[in-house]
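*Asks:* take a look and give me a structure for this.
(chains A and B)
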Amino acid sequence: DGGITQSPKYLFRKEGQNVTLSCEQNLNHDAMYWYRQDPGQGLRLIYYSQIVNDFQKGDIAEGYSVSREKKESFPLTVTSAQKNPTAFYLCASSPGLAGGDTQYFGPGTRLTVL
Amino acid sequence: AQSVTQLDSHVSVSEGTPVLLRCNYSSSYSPSLFWYVQHPNKGLQLLLKYTSAATLVKGINGFEAEFKKSETSFHLTKPSAHMSDAAEYFCVVSGVGGSYIPTFGRGTSLIVHP
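*Replies:* Reported below is the predicted structural model:
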């Protein structure tokens, strides 16, 4: 089956720790995205990547880092510099970055800071 | 620049009655417009999209939306609500020739009463 997988589904972090969220897709899509979702705020873009070894900051990149070493993988690291990381994180992919391209979303990772 | 406004944060209907979720957009270019649905603690799923073809777009599960350029609107409708329609709905705009990064509305929570 083609799709996007995210792991883990739930993640708990102590203050001061870095954690990495996994995102993998087998849709052969060029573009991948990370979003943060908080209640009542919709989806806010953290980072996106159009192609391997290239990525761009979104609206709320501070305290986060990404890599795109393989086409199918786009992991997100939440660093200790992110002051309020408790949120639902969604990964998405699309064929490219054309305006009409549909985004396909993973099931999400819920991160909680203890 | 592009932006999208979902005019209602919550919409409450009775099962079997019509659904109307409102979305206005602004875009300097010919936009692509999307509606996605999110069930609790899940990823987003595409309901329908408009990309400059027919202005009345039919989607999955009986939903449809009409692109009205003069009103800069893309409202989502369904003739008869079902309990399973209860979810969060997001209107999204992306530009052709403009900003390709999708811009999300804040979401509308659809509540369906028996």
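
*Asks:* all the helices of chain B, residue numbers only.
*Replies:* For chain B, no helices are identified by DSSP state H.

*Asks:* show me which residues of it sit near chain A.
*Replies:* B:9, B:31-32, B:34, B:36, B:41-46, B:49, B:51, B:90, B:92, B:94-98, B:100-102, B:104-107 (C-beta under 8 Å from any C-beta of the partner chain). Using the backbone N, CA and C atoms, a C-beta is placed for each residue, glycine as well.

*Asks:* report the buried members of the residues you listed.
*Replies:* B:31-32, B:34, B:36, B:42-44, B:46, B:49, B:51, B:90, B:92, B:94-96, B:98, B:100-102, B:104-105, B:107 (16 or more other C-beta atoms under 10 Å in any protein chain shown).

*Asks:* any weak-confidence spans in the chain?
*Replies:* All of this is about chain A. A:1-2 (pLDDT under 70).

*Asks:* hmm, I had chain B in mind actually
*Replies:* Short version for chain B, where the test is pLDDT under 70: B:28, B:96-99.

*Asks:* next one: A:Glu69 from chain B, what distance?
*Replies:* Look at A:Glu69 and chain B: by C-beta to the nearest C-beta, to the nearest Å, they are 22 Å apart.

*Asks:* A:Pro107 too?
*Replies:* 5 Å.

*Asks:* now that residue: how far from B:Ile101?
*Replies:* 22 Å (C-beta to C-beta, to the nearest Å).

*Asks:* tell me which of the residues of chain B next to chain A fall in strands.
*Replies:* Here DSSP state E is the test, and the residues of chain B next to chain A give B:31-32, B:34, B:36, B:44-46, B:49, B:90, B:92, B:94-95, B:104 as lying in strands.

*Asks:* contact partners for the closest residue to B:Ser14 other than its chain neighbours?
*Replies:* Using C-beta to C-beta, 6 or more residues apart in numbering or on different chains and skipping residues adjacent in sequence, the residue nearest B:Ser14 is B:His113, 4.9 Å away. By C-beta atoms under 8 Å, 6 or more residues apart in numbering or on different chains, the residues touching B:His113 are B:12-15.
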